[in-house]
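Please find the sequence and the predicted model below.
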Amino acid sequence: GHQNLLASVLIFTLPVVFVKIKDQSKKLKVFFFPLSARLAFGGILFSLNLLILIFTYSRAAILSLVFGAIVLLILNKNWKVLTYSISIAAVLSIVIYLTPSLNKFADTVIKKDFPEFYSSRIWMWEPSYRAAINGGLTGLGYGISDPNIKPGSLGDHYEGKMFIREKGNSVLALIEEVGLIGLVLFLWPIIYLLSKLTIKNEKLKIKKDNYSLFILISSLAAMLLHAQFEAWWVGVGSVQLPLFFVYLGLLARY
């Protein structure tokens with residue numbers, strides 16, 4: 001329905017490409033191909049997803065994917081790849097900056113016809129901040145937008161007589177609707193899981209299946225960043241929120 005929605009779904013499902021499938025039952029060998037075929041298929045699938053993601057021009061999704069990749073490299077302590085990646089990115093940035101045609105194209109992609117790259121989000125964040133102040137400790141009600149704050153964003157609309165505002169930030173949206181108490185209750189399981197994993201790994205030195213664990217943590221990190229540009233934490237009917245809870249559930253296994 002929207003390019004930003006497509007982009008978010010892509011980054012939320014992209015980690016599946018990197019999952020290592022283990023056939024413990026030994027009964028499903030017919031579904032498994034040689035390693036070279038799996039690597040080729042994974043590479044093609046990843047490339048196609050990445051290409052479509054770039055075509056969506058969703059800056060939040062692309063930034064979240066880069067952030068998640070950096071977190072994964074840090075968790076894996078893959079400093080060489082991280083250093084090479086940063087160096088290549090720096091060189092490309094210099095080339096784009098010094099080439100007028102590329103500079104103009106990059107400026108168009110980053111700013112999207114707005115004065116600055118952050119203008120499209122400030123348009124939503126400022127009224128969402130004022131609404132969050134009004135939400136206070138307990139909020140205005142789940143699914144409710146402050147009827148006195150109507151900035152006129154493209155996503156603003158009425159559902160019957162109820163006004164729904166495009167909020168552009170999950171934290172501010174949660175505070176507006178369910179207050180600071182609701183925000184704490186929402187974040188507590190995430191903080192608990194991450195702190196539990198940290199303590200467990202430090203005390204017990206658990207190294208079993210760290211690759212899958214790192215994939216989950218880096219994916220969760222990308223989602224948390226993405227949520228600060230889209231208000232899907234308050235979207236029960238959204239595509240992103242159920243996927244977010246699936247990742248949390250998988251993380252709870254550890």
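Noted; the coordinates are in hand.

Every contact and neighbour count from this point should use C-alpha atoms.
Fine.

Below-threshold pLDDT in this protein: ranges please.
1, 18-38, 109, 111-120, 152-157, 199-209 (pLDDT under 70).

List the buried residues in the top helix by length along it.
For the chain, the longest helix by residue count, based on DSSP state H, is helix 170-204. Across helix 170-204, burial judged by 16 or more other C-alpha atoms under 10 Å covers 170-180, 182-183, 190, 193, 197.

Now flag whichever of these is closest to Y142.
Proximity of these to Y142, judged by C-alpha to C-alpha, is greatest for E177, which lies at 4.8 Å.

ok now do that closest one, which residues does it touch?
Contacts for E177 (C-alpha atoms under 8 Å, 6 or more residues apart in numbering) come out as A132, G135, T138, G139, L140, G141, Y142, G143, I144, S145.

Which helix or strand contains the closest residue to L73 other than its chain neighbours?
Spatial nearest neighbour of L73, chain neighbours left out: L82 (6.4 Å); criterion: C-alpha to C-alpha, 6 or more residues apart in numbering. Per DSSP states H and E, L82 falls inside helix 79-98.

what's the following helix or strand after that helix?
Past helix 79-98, the next helix or strand by DSSP H and E is helix 100-111.

who's in contact with the residue nearest the centre of the chain?
For the chain, the residue nearest the mean C-alpha position is M223 (2.7 Å; C-alpha atoms, centre = their mean). Shown in contact with M223 (C-alpha under 8 Å, 6+ apart): F12, S64, F244.

got the angle for the host helix or strand of it vs helix 170-204?
Assigned by DSSP H and E, M223 belongs to helix 210-226. Helix 210-226 runs at 160 degrees relative to helix 170-204, counting by axes from the mean of the first three to the mean of the last three C-alpha atoms, to 10 degrees.

got the buried residues for helix 210-226?
213-226.

swap in stretch 49-57?
N49, L50, L53, T56, Y57.

now swap in stretch 2-21 and tell me
N4, L5, L6, A7, S8, V9, L10, I11, F12, L14, P15, V17.

got it, and stretch 78-85?
L82.

contact partners of it?
Residues contacting stretch 78-85 (C-alpha under 8 Å, 6+ apart): I70, L73, I74.

Quick check: of those, which lies closest to V236?
The shortest approach to V236 among those belongs to I70, at 29.3 Å (C-alpha to C-alpha).

Setting the sequence-adjacent residues aside, check what's closest to that closest one.
Closest residue to I70 apart from its sequence neighbours, by C-alpha to C-alpha, 6+ apart: L82 at 7.1 Å.

next one: V234
In this structure, V234 finds its nearest non-sequential neighbour in L174, 6.3 Å apart by C-alpha to C-alpha, 6+ apart.

does that neighbour really touch G182, like I thought?
Yes. Under the criterion of C-alpha atoms under 8 Å, L174 makes contact with G182 at 6.9 Å.

Now do the shared contacts for those two.
Common neighbours of L174 and G182 (C-alpha under 8 Å, 6+ apart) are G139.
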